[in-house]
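*Asks:* I'd like to go over a predicted model; first the sequence, then the structure.
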Amino acid sequence: CWTLNSLSQIYQKKGDIDKAFEYAYAAVKNSCGDDAQQLNLGYLLYETSMEKGFDSIRDKVALWKKNYGELPQVSYMINALENNQKIEKTELSYLQNVFDNFAQGFEQVLSGLEYAAPQYISEYMQEIYPSLPWKKLRILDVGCGTGLCGIFLKKYASWRGLDGVDISAGMLAQAQNKNIYSHL
């Protein structure tokens, strides 16, 4: 399946969206609807829609909807692609699936996007506490993900005072590997 997905990405970069969709859709079919492959197909359609407009993917979305539209995450992605105004909130299970599937490569992807939130947090903390406080803090890193901000927050936390929470077990597993949190 991942070979098919890689071929899809190659064709997408070459601008051949029909071929890219063909391979991404084959990856979904061969994976029996695996969440990661569904997400990859969704990203292909989203990126194409942003670049060329929804009309360029309308028939592809219809096929995807016909065969996989009953799956909650596919339904959500299709509603988003179709700009369905009835969506009031994102389903928690959808977000968990997205971030669980994204957890392992999360930091690599963010580094390519010049993600700077951890540096901003570090600068903010240095501004508030130019020298480390005599009595260190108890800090809760909400939405800690893989622990990117926790690395900067740790020096401000008391010995057992840095806790992290996230909706994604996959992200928490990556954060656990960093050994910086007292509790996750």
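*Replies:* Looks like it arrived, so ask away.

*Asks:* From the chain's centroid, how far away is the lengthiest helix in the chain?
*Replies:* Across the chain, the longest stretch assigned as helix under DSSP state H is helix 35-52. Centroid separation for helix 35-52 versus its chain: 13 Å, with Cα atoms, centre = their mean, to the nearest Å.

*Asks:* so what does that helix touch, helix or strand wise?
*Replies:* The elements that helix 35-52 packs onto, with contact taken as 3 or more Cβ pairs under 8 Å, 6 or more residues apart in numbering; DSSP states H and E, are helix 2-14, helix 17-30, helix 58-68, helix 72-81, helix 92-102. C-betas here are computed from N, CA, C, even on glycine.

*Asks:* Confidence-wise, which helix or strand of this protein is lowest on average?
*Replies:* Of the helices and strands making up the chain, the lowest-confidence element is helix 106-112, at a mean of 81, by mean pLDDT, DSSP states H and E.

*Asks:* Could I get the buried residue list for that one?
*Replies:* The neighbour-count check on helix 106-112 (16 or more other Cβ atoms under 10 Å) flags Phe106, Leu110 as buried.

*Asks:* now do stretch 59-73
*Replies:* Residues of stretch 59-73 classed as buried by neighbour count (16+ other Cβ under 10 Å): Lys60, Val61, Trp64, Lys65, Tyr68, Leu71, Gln73.

*Asks:* Moving C-terminal from the lengthiest strand in the chain, which element do we reach first?
*Replies:* What stands out as the longest strand in the chain, according to DSSP state E, is strand 157-165. Under the assignment DSSP states H and E, the closest C-terminal helix or strand after strand 157-165 is helix 169-176.
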